[in-house]
Structure formats: C-alpha cells, structure tokens
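Trainee: output the structure for:
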Amino acid sequence: MDREIIHSLAKRRSLIEKIANFKDPYNIRDLKREKEIIENITTVARKNKLEETFIKDLYKKIMAGDLKQIKNILQK
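Mentor: Residues are numbered from 1 along each chain as shown. A predicted model of the protein is given here:
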C-alpha cells in the first residue's frame, strides 16, 4: 500500500511538470480550482469513511508542494 501511495504521488509530480509549462508565471494559483479539489476529495473521503480533516490537510500539503514545484520549474 505504501508503495502505491508513493507511486501515485510520483505520477502526480510528473504531471505537474507538464502542467507547469502552461501556467502563467504571474498567476500560477487557481484558488477556485483548489477549492473544487478540496471539496471533491472531501466527498470521496466521506464515502470511504476517512477523516475529512486529515484528508483536507494532506491535500493542502500536496498542493503546496505542487505549487512549489511549479514555481521552481518556471524560475528556470
């Protein structure tokens, strides 16, 4: 299970690298989209009987890491 989680995160990171090239370097955050993602994963968490606060916090950290990666790519 742990390997699957790591593999999924790595796959997400590789997609972020591709997405970064389409971002406006002066406006890389889409707060509306971030809110939609949090709402969607909260629904999925609830359906799977997972603690919603934990999942929200986890995804906020994942998205913060994605944002950092995008900034690094765009600064190159």
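Trainee: all helices of this structure, in order?
Mentor: 2-20, 31-47, 52-74 (DSSP state H).
Trainee: check contacts around the spatially most central residue of the chain.
Mentor: The centre of the chain sits closest to Met63, judged by Cα atoms, centre = their mean, with a distance of 3.5 Å. Met63 sits next to 34, 37 when contact means Cβ atoms under 8 Å, 6 or more residues apart in numbering. C-beta: built from backbone N, CA, C; applies to glycine.
Trainee: tell me the confidence at it?
Mentor: pLDDT, Met63: 95.
Trainee: hmm, back to that, most tightly packed of the helices of the chain?
Mentor: Neighbour counts averaged per stretch over those are highest for helix 52-74, at a mean of 14; criterion: mean count of other Cβ atoms under 10 Å.
Trainee: okay, that helix in CSV with CA atoms only?
Mentor: Provided in CSV are the C-alpha atoms of helix 52-74 (Å, rounded to 0.1, in the frame of the first residue of the first chain):
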residue,chain,number,x,y,z
GLU,A,52,-12.2,14.6,6.4
THR,A,53,-9.9,17.0,8.2
PHE,A,54,-7.0,14.7,7.8
ILE,A,55,-7.6,14.3,4.0
LYS,A,56,-8.1,18.1,3.6
ASP,A,57,-4.8,18.8,5.5
LEU,A,58,-3.0,16.1,3.4
TYR,A,59,-4.2,17.5,0.1
LYS,A,60,-3.3,21.1,1.1
LYS,A,61,0.2,19.9,1.8
ILE,A,62,0.3,18.0,-1.6
MET,A,63,-1.0,21.1,-3.4
ALA,A,64,1.5,23.3,-1.6
GLY,A,65,4.3,21.0,-2.8
ASP,A,66,2.9,21.1,-6.3
LEU,A,67,2.9,24.9,-6.2
LYS,A,68,6.5,25.0,-5.0
GLN,A,69,7.5,22.6,-7.8
ILE,A,70,5.7,24.8,-10.4
LYS,A,71,7.5,27.9,-9.1
ASN,A,72,10.8,26.1,-9.4
ILE,A,73,10.1,25.0,-12.9
LEU,A,74,9.0,28.4,-14.0
